[in-house]
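Asker: Sequence plus predicted model, see below.
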Amino acid sequence: MLDLIKTRRSIRKFKEGEVSDELIDRILISGVWAPSGLNNQPWRFAVIKDQTVKEQIAGLTHYSKIVRAANALIIVFLDNGTSYDRTKDVQSIGACIENMLLAIHGLGLGGVWLGEILRNREAVAQALEAPEGYELMAVIAFGIPAESPHPHERKPLSELVFYRR
């Protein structure tokens with residue numbers, strides 16, 4: 001697991017091809033198994049493979065090139081109707097997204113977490129006909145990787161741990 005964590009990179013370039021629904025479901029299941037407060041599982045997903053819908057989403061972000069090139073998108077929403085504590089629910093969504101990114105990497109695919117699109121969260125929700133109370137949290141663009149970025153350095157623990165007793 002530590003190797004998967006250390007070798008995962010944000011992949012922004014993809015080869016043409018298709019990601020099967022079976023693989024997408026495996027990725028989604030990985031997200032669903034993230035921890036959530038009171039096991040409320042506040043995440044909801046839209047899965048996009050259709051190029052026309054990807055074009056709609058691409059028009060709502062500065063990273064349109066990545067969205068268009070991705071073989072698939074998982075758009076992650078917070079269901080505010082299930083929420084009991086916003087901070088914990090948003091943290092759970094983050095854990096869900098990271099689980100899916102690790103699953104994408106572990107399956108030999110590549111993906112990237114896109115957050116800039118949040119500035120157009122209402123337009124995304126409207127384009128996808130999201131139910132009332134669903135709040136956009138992120139877009140995961142993923143597919144067959146066409147790049148292998150080098151690892152970035154990490155700060156040493158001595159700079160990050162401020163208290164240890």
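Answerer: Cool, the structure landed. Numbers count the residues shown, from 1 in each chain.
Asker: who's in contact with the longest helix along the chain?
Answerer: Secondary structure of the chain per DSSP state H: the longest helix is helix 86-106. Applying CB atoms under 8 Å, 6 or more residues apart in numbering, the contact partners of helix 86-106 are 4-5, 7-9, 26-28, 30-37, 40-43, 74, 76, 78, 82-83, 110-111, 113, 137-138, 140, 142. Bear in mind the C-beta positions are built from the backbone N, C-alpha and C, glycine included.
Asker: Of these, which belong to strands?
Answerer: 43, 74, 76, 78, 110-111, 113, 137-138, 140, 142 (DSSP state E).
Asker: On the strand side of things, show who the residue nearest the centre of the chain bridges to.
Answerer: Among the residues of the chain, Ile140 comes closest to the average C-alpha position under CA atoms, centre = their mean, at 3.4 Å. Here Ile140 sits in beta bridges with Ile74, Trp113, as judged by DSSP bridges.
Asker: Pull the worst-scoring helix or strand of the chain on mean pLDDT out as CSV, backbone CA atoms only.
Answerer: Least confident helix or strand of the chain, by mean pLDDT, DSSP states H and E, is helix 2-7 with a mean of 94. What follows is helix 2-7, C-alpha atoms only, in CSV (Å, rounded to 0.1, in the frame of the first residue of the first chain):
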residue,chain,number,x,y,z
LEU,A,2,2.8,2.4,0.9
ASP,A,3,4.3,1.9,-2.6
LEU,A,4,1.0,2.7,-4.2
ILE,A,5,0.7,5.9,-2.2
LYS,A,6,4.3,6.9,-3.0
THR,A,7,4.1,6.2,-6.7
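Asker: Give me the helices and strands touching that helix, please.
Answerer: Under the contact definition 3 or more CB pairs under 8 Å, 6 or more residues apart in numbering; DSSP states H and E, helix 2-7 sits against helix 86-106.
Asker: what is the orientation angle of the helix it packs on with strand 110-114?
Answerer: Put simply, helix 86-106 runs at 160 degrees to strand 110-114, going by axes from the mean of the first three to the mean of the last three CA atoms, to 10 degrees.
Asker: Off-centre distance for helix 86-106?
Answerer: Offset of helix 86-106 from its chain centre (CA atoms, centre = their mean, to the nearest Å): 7 Å.
Asker: residues of that helix that come out buried?
Answerer: For helix 86-106, a neighbour-count test (16 or more other CB atoms under 10 Å) marks 88-89, 92-93, 96-106 as buried.
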